[in-house]
Structures are given as C-alpha cells and as structure tokens.
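1. okay, structure incoming, though there's no sequence with it:
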C-alpha cells in the first residue's frame, strides 16, 4: 500500500479526494481518522469546536473498514464515503453523544439514536468523529453557549467562526474533519462557511430529511429550517447530497424528488448585486461578488445586475416565522431569558418594539411566504442570484454593530442576505472567493429556485473553477 505523502498532505484533501485515495489503496481509513484525532488534540484547546469526540469508536470503525477492504481485495465497489472522517453539529442526533443545542435546560441530554442523515452517512461508509459546538438554542450568528464556551475562527482566534453551525465550520476548516452536517434556519450553514473559508449548502426544504434535528423542524420551522452539508469543495457537497437526499416520512416537508433534476431547464441567466442599500456590504465583500460574476461571465453565463425587490418582503416574513415564532416557543422553555438570545435580542433592538405573536400574525406571515415563494419561482425560473453572504467578514467575538461606508449596520441586518433563501424555501450555496484586508476569507452566495439544487451547485462550481480553490487557514495555535 502506498501511503499519501504525509499527514499535512492528507489533511489538505477534500472528502472526495480522500474517498478516492482510500479506494485506490493510497491511504487508509485508520490513517485519516488518526490524522484528524491528532489535529483535534493539537488545536481544539484553542478553537473549542467540539462538544464530544468519539476517538475509540472512530478508530475501531476505521480499522474495520480497512480490514474489510483488505479481505475483499477489490471484489466490491467502495461505498461513496468509505473511511472518510466526518463531524456533526450537536443539534443533530448522534447515538450516544450529547445533543444539548448549547442550552442549560438540555444539559447532559444524550441522543438515543442517529438522526436519519447520520444513519445515511454511516451506511455510505463515513466515520463519525464527534459532534460540534453551536450557538445557544441555535439563536446566534456566532457559536457561543453556557455549556461549551465560544468557538474561535481558525483564521484568527479573536474572530467568530459564525453560527449557529460554527463548531462544524471551524472543525472542517482547521483540518479536524473532512466534511460534516450543519443546519440552517436563517444562515446557520452559510454564514459559518463564509467566515471560515469552506463550502456550505442550504438545500430546498424536504430534499434532505430533518428528522432527528433538535429543536424539531416542525410547523413554521419546516418551511425555513433544513439540515445541510458543509465541506471543503463543491464536489464534496455534491457527494454528500448524493448520500443525504431522499424521502423520509418523519420530515413533514420531505418529497421523493431526485435532487439532480429540477422543475425547470437550467438557465445561464445570473441576477446579481454586491450590496443592499439598507445594509451595505464592505468593499472587499463587494469585490468578491464582482470577481465571482466575472468568473461566470467568462464561462458563458448572462449577467443581470438587478436585485429582485420581493427579497425585502421575504425578510419581513422571516422575522415572524423564525424570530417571533422562535421567541414564542423558546419563551415557554427558557422563560424571560429567551429574549436575550442574540438573534431575538437583535430582532427587538433593530426592528423596534414587537408585540406578542398572534394567530392572525402567524397565518398572515405564512400566507405571505407562500405568495412570495410563488412570485420568486416565477421570476427566477431556472436562473440564479449571486450576492453576498453577509455585510461583513468574520467579526470579533461579541460584536453587534459595524460601520460601513459611513452607515451603522446592526447584527441582524448584516446577515439579511442569508435570510431570504430560508423564507423562500430556496437552495443556496456558499463558495469561498475573496479575502478581507486582514486576510479573512469571504464567501459568495448562489441562490436558486426551489428544487433546483443541482443547478445552484453547478453555478457554484463554475465560480470555484474561475476563482480558484479555497485557501487553508494558517496554523492554529495549540
């Protein structure tokens, strides 16, 4: 067996390349898992990315994979993720590991069984290393909670890795994991991916089962909340989606739709904008969007410099379905302290006084969502939108406001770019493109029509080709 050149070379691979290397006999599952566990031991004291690490079971599974592969000696085809070490956001159930969602009211809660998506990863041959840190009750664009502390960004420890899937993004970016699972109700996959320089996909609701996510994606949250893959390349996102997508009766939004085909012929029309007048983006963020669309133009896409006006109305409905409904439900669980969760605090601070949610208010927002989704689908067809992920790159821990072009931009406003896709049920992919003046990665968002996930990934891959592969973060202090 010819091993890869070294641990650093091994950890530099994406999941697709690692799976191929294991299948060719160039490395082993045991080598990959050992490299990740050594990396976790070296850097997680600084990052605080992990909640649980299942080292012994991961090594045991890796040795079993290697033994099985040696015994069959090419008699069977490898499974898609055979021997690939992965991690899972600690809001998604992994049997025997804590699923506390960063909240004291769930302290010590251990999952009794795997979520559907975790079971599918295992069947595909992936090896689960452990679970990763989150924002408290998933209500923050940074991953900080009273149980497991604050996750740092592997590019700069004084900056956030994003939230609420920040532990997952930090682990993948830092070489502690090759790929993993996050969840996204208002940007919680895409913001961390952008802040740490990896790729993330928020699928169309119903494409990837949410069964086994905590809190459960039920009621209005089945419209806006999804589980999605996070990884180092767009190819990895496709590989993971092949494994994860498919009908599950436990998810009320689930539909038996083949993900590689969509309801519209793919269009080469790209709507794009690099900033929003109400929440402007930094110059380097705008430059990343311009670079992305230039790469697409060079590959034959037709550019349309326009921002669909309905996006603003979509955000108002998201405030109700995610923010107000979330506060109502979390208030019953956490009491008055729910109001202090970062997203809910910002909702009141930046939008002004908000009366308690009424049945009519919820029904009105729900109907508005359905109308806007239909208008959006009709307007975009098989096209896509390319725009920022956030107004700012990864920010300092605890920051809540920024000055951009002489304008004050608040915490929730800076993240508005991701909230549209959740409200509209649209697939959206983040791919790293640029960097800030101080070297932090900047991602660009590609958003499409519901059930056109394959086309959105194709456009993201075109941007990746035109702008170059993702950079690796500098060495993380141990």
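-> Perfect, thanks for sending it. Everything numeric in this text was worked out from a predicted model, so none of it was measured.
2. what sits against residue 221?
-> Residue 221 makes contacts with 185, 215, 321, 322, 325, 326, as judged by CB atoms under 8 Å, 6 or more residues apart in numbering. Using the backbone N, CA and C atoms, a C-beta is placed for each residue, glycine as well.
3. pLDDT wise, what is it at?
-> Per-residue pLDDT puts residue 221 at 93.
4. distance check, it against residue 326.
-> Residue 221 sits at a distance of 8 Å from residue 326 (criterion: CB to CB, to the nearest Å).
5. check which residues of stretch 318-332 are buried.
-> Buried positions in stretch 318-332, judged by neighbour count with 16 or more other CB atoms under 10 Å: 318, 319, 320, 321, 322, 323, 324, 325, 326, 327, 329, 330.
6. want to try JSON lines for those, with pLDDT and secondary structure as columns?
-> Output for these, formatted as JSON lines (pLDDT from 0 to 100; DSSP: H, G, I helix; E, B strand; the rest coil):
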{"residue": "318", "pLDDT": "97", "secondary structure": "helix"}
{"residue": "319", "pLDDT": "97", "secondary structure": "helix"}
{"residue": "320", "pLDDT": "97", "secondary structure": "helix"}
{"residue": "321", "pLDDT": "97", "secondary structure": "helix"}
{"residue": "322", "pLDDT": "97", "secondary structure": "helix"}
{"residue": "323", "pLDDT": "97", "secondary structure": "helix"}
{"residue": "324", "pLDDT": "97", "secondary structure": "helix"}
{"residue": "325", "pLDDT": "97", "secondary structure": "helix"}
{"residue": "326", "pLDDT": "96", "secondary structure": "helix"}
{"residue": "327", "pLDDT": "96", "secondary structure": "helix"}
{"residue": "329", "pLDDT": "94", "secondary structure": "helix"}
{"residue": "330", "pLDDT": "96", "secondary structure": "helix"}
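7. and which of these is nearest to residue 372?
-> Ranked by distance to residue 372 (CB to CB), those are led by residue 318 at 10.0 Å.
8. ok, residue 299 to residue 371 distance?
-> Distance of residue 299 to residue 371, computed by CB to CB: 34 Å.
9. next, residue 306: phi, psi?
-> phi -160, psi 140 (degrees, to the nearest 10).
10. let me fix that, I meant to ask about residue 222.
-> Given degrees, to the nearest 10, the pair of backbone angles that residue 222 has is phi -70, psi -20.
11. now swap in residue 272 and tell me
-> With angles defined as degrees, to the nearest 10, residue 272 sits at phi -150, psi 150.
12. which residue, other than its chain neighbours, is closest to it?
-> Nearest non-adjacent residue to residue 272, counting by CB to CB, 6 or more residues apart in numbering: residue 386, 4.3 Å away.
13. before we move on, what SS does that neighbour have?
-> Under DSSP: H, G, I helix; E, B strand; the rest coil, residue 386 falls in the strand class.
14. those helices in the stretch 51-200 of the chain, which residues are they?
-> All helices of the stretch 51-200 of the chain, identified by DSSP state H, counting those that start in this stretch, fall at 55-72, 116-123, 166-173, 190-196.
15. for the last one, packing partners?
-> For helix 190-196, the elements it packs on are helix 166-173, strand 199-202, strand 428-435, strand 441-448, judged by 3 or more CB pairs under 8 Å, 6 or more residues apart in numbering; DSSP states H and E.
16. among the ones you listed, which is the most enclosed?
-> helix 166-173 (a mean of 35; mean count of other CB atoms under 10 Å).
17. now the strands for the stretch 301-450 of the chain?
-> Ranges of strands in the stretch 301-450 of the chain, per DSSP state E, counting those that start in this stretch, are 302-305, 384-388, 401-404, 407-410, 428-435, 441-448.
18. residue 340: which of those strands is closest?
-> Minimum separation from residue 340 across the strands of the stretch 301-450 of the chain (CB to CB) falls at strand 407-410, 16.1 Å.
19. can you list the buried residues in that closest one?
-> Buried residues in strand 407-410, counted by 16+ other CB under 10 Å: 409, 410.
20. contacts for that strand, please.
-> 279, 280, 346, 349, 350, 391, 392, 400, 401, 402, 403.
21. need the strands of the stretch 301-450 of the chain in a markdown table (columns: mean pLDDT).
-> Shown next, in a markdown table, are these (pLDDT from 0 to 100):
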| stretch | mean pLDDT |
| --- | --- |
| strand 302-305 | 98 |
| strand 384-388 | 98 |
| strand 401-404 | 97 |
| strand 407-410 | 97 |
| strand 428-435 | 96 |
| strand 441-448 | 98 |
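22. now the ones you listed in a markdown table, with distance to residue 472?
-> As requested, these are arranged in a markdown table below (distance: least, CB to CB, whole Å):
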| stretch | distance to residue 472 |
| --- | --- |
| strand 302-305 | 31 |
| strand 384-388 | 23 |
| strand 401-404 | 27 |
| strand 407-410 | 30 |
| strand 428-435 | 11 |
| strand 441-448 | 10 |
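23. ok, which of these comes nearest residue 89?
-> Between the strands of the stretch 301-450 of the chain, strand 428-435 lies closest to residue 89; by CB to CB that is 15.8 Å.
24. out of the helices of the stretch 51-200 of the chain, which is closest to residue 152?
-> Closest to residue 152 of the helices of the stretch 51-200 of the chain, according to CB to CB: helix 166-173, at 7.0 Å.
25. mean confidence for the closest one?
-> 98.
26. which helices and strands does it pack with?
-> helix 29-47, strand 50-53, strand 85-89, strand 127-132, strand 179-184, helix 190-196, strand 226-231.
27. most packed of the ones you listed?
-> helix 190-196 (a mean of 34).
28. list the contacts of that one.
-> With CB under 8 Å, 6+ apart as the test, helix 190-196 has contacts from 141, 143, 153-155, 159-166, 168-170, 172-173, 182, 184, 199-200, 202, 230, 389-390, 393-394, 415, 418, 428, 430, 432, 440-443, 445, 473.
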